[in-house]
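Novice: Could you work out the structure for the sequence below:
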Amino acid sequence: MPRSSITFVFWCALCHVTLAERPTISPPQPFGATPSQRQLKWHELEFYGFLHFTINTFTDKEWGYGDESPKLFNPTDFDANQLASAAATAGMKGLILTCKHHDGFCLWPSKYTEHSVKNSPWKNGQGDVVREISDACRRHRLKFGVYLSPWDRNHPDYGKPAYVQYYRNQLRELLTQYGPIFEVWWDGANGGTGYYGGAREKRVIDRGSYYDWNTTIDIVRKLQPDACIFSDAGPDIRWIGNEHGIAGEPCWATYTPTARKGESKPGPGTTNARQGNQGTRNGRLWLPGEADVSIRPGWFYHKNQDAKVRSPENLLDLYFVSVGRGSSLLLNLPPDRRGRIHENDLQSLRQFRQILDAVFQKNLAQNATLTASNVRGKSAQFSEQKVLDGDRTTYWATDDSKKQVELTATFSHPVSFNIVDIREYLPLGQRVDMWSVEAWQDGKWTEWAQGQSIGNRRLCRGKSVTTDRVRLRLSGPVCPAISEFGLYAEPASAGTSDKAPGK
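Specialist: Predicted coordinates for the structure are as follows:
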């Protein structure tokens, strides 16, 4: 055998032994509460829409009393495709429809009540808003979700055991007839004055026990196992504690809900919801926040608000204080009396999307050389390069003993940025307690920003800085697991609104 062949065989054998004997580097152990698979899928959405549309659209009210005639519901040019297209154009990933609001009017022909579209003049009583919007969502590759108000100011049995069965029957209709559901939305409005089949009285319930929520949750789990359930207390997504679209600072994905004074246990309408704004560090549950807000002052369409639509700049501000704080942004788009999204709303949505795309067009960190103070087991599997591969399932991690670490980005020439983007690898829990970003200026490190929670996403937006080195510093009770890191320069045309939220 030629000497070169012998050498090659020996080298291959040596490599085989080296690879075979190389120890496998195990990933970090999860820390604290961690997300379920359905929650991980929900985290990927980040931005989706609400459609508040019902009898209130035609009575110019926000809350109906339940005594409205179904004949009032008569959109003149309903177009589910236009609604879904508006959401898709804005970059939304889904739409949640108010299938039944507090007034009890149903946007689908429920067989359990006459108070529905089947007794309206729209399409001669043959229409189904839920069907048309759910189908339109699929055509536009949007997820579809349902809002079914627990409170019903029309139903004669509200406050009695029979109503709970009625509610569950309607929930089963929505969860079995309209395809996959990504979110079931429950609010805390429960009990008060109403029509109640003609009784016209105030009805008070024990909100902690009346609905027997655990049984109702089991129905959702059985019929739509991938659907996340939203309420003051989850069990999958929590309310952020306000209707301004502003998550807390910090905003932890973990949370231990507590009951309000006088309530027996936390649940829809009984939770101390203001605590949900920031969540609970080391909370008992993985229960991330959803920040809901309307593009108009009201949740339903009112003609006198046509000139009061949020500007594209304001929507951008809201994005940074919701999605940018680890929450999701649920933006309401109320259809008008035609059954369409108004032109003013459309214009703002389109311009917002253009600005957002321009902001995140180029990750400056892709041009940097990354160095980490430590890499777990010195393994390429956990190297610092994983934060730039665009894959949220890979991550940079350090040895278990390394809990205060640094990641440095060095550029061949100075760059200017004003936005930092950080994500944790969520299946391992929220591991970082404190973070800071520093820029090398005048021969020393200068702190540019700092904070606590990272979670699904942390967007920090500040003054533009020019530097050839950026350092991310992290500390926590366990080693970090960072899946993405980005630096962005906001175009001058983006700007901020005069009334930037969260300031």
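Novice: tell me the average confidence for stretch 345-353?
Specialist: On average, the pLDDT along stretch 345-353 is 98.
Novice: likewise stretch 203-218?
Specialist: Here the average pLDDT along stretch 203-218 is 94.
Novice: next one: that stretch to chain centre, how far?
Specialist: 25 Å (CA atoms, centre = their mean, to the nearest Å).
Novice: can you pull the buried residues of it?
Specialist: Going by neighbour count (16 or more other CB atoms under 10 Å), the buried part of stretch 203-218 is R203, I205, R207, G208, Y210, Y211, W213, T216, I217. (Glycine included, C-beta is placed from N, CA and C.)
Novice: buried residues in stretch 157-166?
Specialist: For stretch 157-166, using 16+ other CB under 10 Å, the buried residues are Y158, G159, Y163, V164, Y166.
Novice: Find the pair from those with maximum spatial separation.
Specialist: G159 and Y166 (11.8 Å; CB to CB).
Novice: Neighbours of S26, how many?
Specialist: Other residues lying near S26 total 10 when counted by other CB atoms under 10 Å.
Novice: The one 4 residues further on now?
Specialist: Here the number of neighbours of P30 (other CB under 10 Å) works out to 14.
Novice: how about T215, what does it touch?
Specialist: R168 (CB atoms under 8 Å, 6 or more residues apart in numbering).
Novice: how about 10 Å then?
Specialist: The neighbours of T215, taking CB atoms under 10 Å, 6 or more residues apart in numbering as the test, are V164, R168.
Novice: likewise K444?
Specialist: Counting by CB under 10 Å, 6+ apart, K444 has contacts E438.
Novice: what are the ranges of the helices in the stretch 1-150 of the chain?
Specialist: 3-21, 37-43, 56-59, 80-89, 129-139 (DSSP state H, counting those that start in this stretch).
Novice: For the fourth one, the averaged confidence score.
Specialist: The predicted model gives helix 80-89 an average pLDDT of 98.
Novice: again with the third one
Specialist: The average pLDDT within helix 56-59 is 98.
Novice: try stretch 326-335
Specialist: 98.
Novice: Turn the buried residues of stretch 203-218 into CSV, columns for distance to S327 and secondary structure.
Specialist: Output for the buried residues of stretch 203-218, formatted as CSV (distance: CB to CB, whole Å; DSSP: H, G, I helix; E, B strand; the rest coil):
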residue, distance to S327, secondary structure
R203, 34, strand
I205, 30, coil
R207, 25, coil
G208, 26, coil
Y210, 29, coil
Y211, 26, coil
W213, 23, helix
T216, 25, helix
I217, 22, helix
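Novice: tell me the two of those residues that are most distant?
Specialist: The most widely separated members of these, counting by CB to CB, are R203 and I217 (23.6 Å).
Novice: End to end on stretch 281-295, go ahead and measure it.
Specialist: When the termini of stretch 281-295 are compared using CA to CA, to the nearest Å, they are 31 Å apart.
Novice: In it, which of the residues would be classed as buried?
Specialist: Of all the residues in stretch 281-295, those buried under the rule 16+ other CB under 10 Å are G283, L285, W286, L287, P288, G289, E290, A291, D292, V293, S294, I295.
Novice: and what of stretch 69-84?
Specialist: So, applying 16+ other CB under 10 Å, buried residues of stretch 69-84: P70, L72, F73, N74, P75, F78, D79, A80, Q82, L83, A84.
Novice: what does stretch 479-498 give?
Specialist: 479-490, 494.
Novice: any idea of the mean pLDDT in it?
Specialist: The model assigns stretch 479-498 a mean pLDDT of 83.
Novice: Ok, stretch 130-149 next?
Specialist: Mean predicted confidence for stretch 130-149 is 98.
Novice: Determine how far it lies from the middle of the whole chain.
Specialist: That offset, for stretch 130-149, works out to 17 Å (CA atoms, centre = their mean).
Novice: Buried residues, that stretch. List them.
Specialist: In stretch 130-149, counting by 16+ other CB under 10 Å, buried: 130-137, 140, 142-149.
Novice: What of stretch 412-426?
Specialist: Neighbour-count burial for stretch 412-426 [16+ other CB under 10 Å]: V415, F417, N418, I419, V420, D421, I422, R423, E424, Y425, L426.
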